[in-house]
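Student: sequence? don't have it. structure:
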């Protein structure tokens with residue numbers, strides 16, 4: 001079993017930056033592809049970014065490409081999401097997820113964190 005705990009959310013002004021972290025328990029982190037998803041009030045959960053087990057492959061949603069960067073440190077069992085040039089429409093609860101394959105589909109992930117709130121004020 002893997003437990004995922006997100007941190008780093010908060011309130012930031014438009015144009016600002018935040019870095020989210022997701023710490024994983026257990027010894028299997030390096031065998032998991034990791035993803036970030038978000039859900040805004042009244043909206044469906046949407047894919048943000050994903051990274052392969054080695055960190056060599058990444059995928060981004062068009063809405064965040066060029067602004068967000070996903071990375072991982074397998075020695076620290078942690079995946080990160082660096083968010084720059086934040087916009088009010090980035091406001092959402094952000095979730096990290098782990099699974100066997102790098103995917104933009106939530107159903108491809110077996111493990112989920114509890115989420116961290118990101119609020120971008122205009």
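Tutor: Structure received. None of these values were measured; they are calculated from a predicted model.

Student: let me know the helix or strand that the spatially most central residue of the chain is in.
Tutor: By CA atoms, centre = their mean, the mean C-alpha position of the chain lies nearest to residue 36, the distance being 2.6 Å. In the assignment (DSSP states H and E), residue 36 maps to strand 33-39.

Student: which of the residues in that strand are buried?
Tutor: 33, 34, 35, 36, 37, 38 (16 or more other CB atoms under 10 Å). C-beta coordinates here come from the backbone N, C-alpha and C atoms, glycine included.

Student: tell me the one among those nearest to residue 48.
Tutor: Distances from residue 48 to these, taken as CB to CB, are shortest for residue 36 (4.2 Å).

Student: re the thing from before, which residues are in contact with the strand holding residue 36?
Tutor: 20, 22, 45-53, 70, 72, 79, 81, 90, 92-104, 106, 108-109, 115, 118 (CB atoms under 8 Å, 6 or more residues apart in numbering).

Student: for that strand, which strands pair with it and how are they oriented?
Tutor: strand 46-51 (antiparallel), strand 92-99 (antiparallel) (DSSP bridges).

Student: quick one: residues in contact with the shortest one.
Tutor: Which is strand 46-51. With contact meaning CB under 8 Å, 6+ apart, strand 46-51 is reached by 33-39, 57-61, 64, 68-72, 79, 81, 94, 102-106.

Student: if anything else comes up later, I'll come back, but that's it for now.
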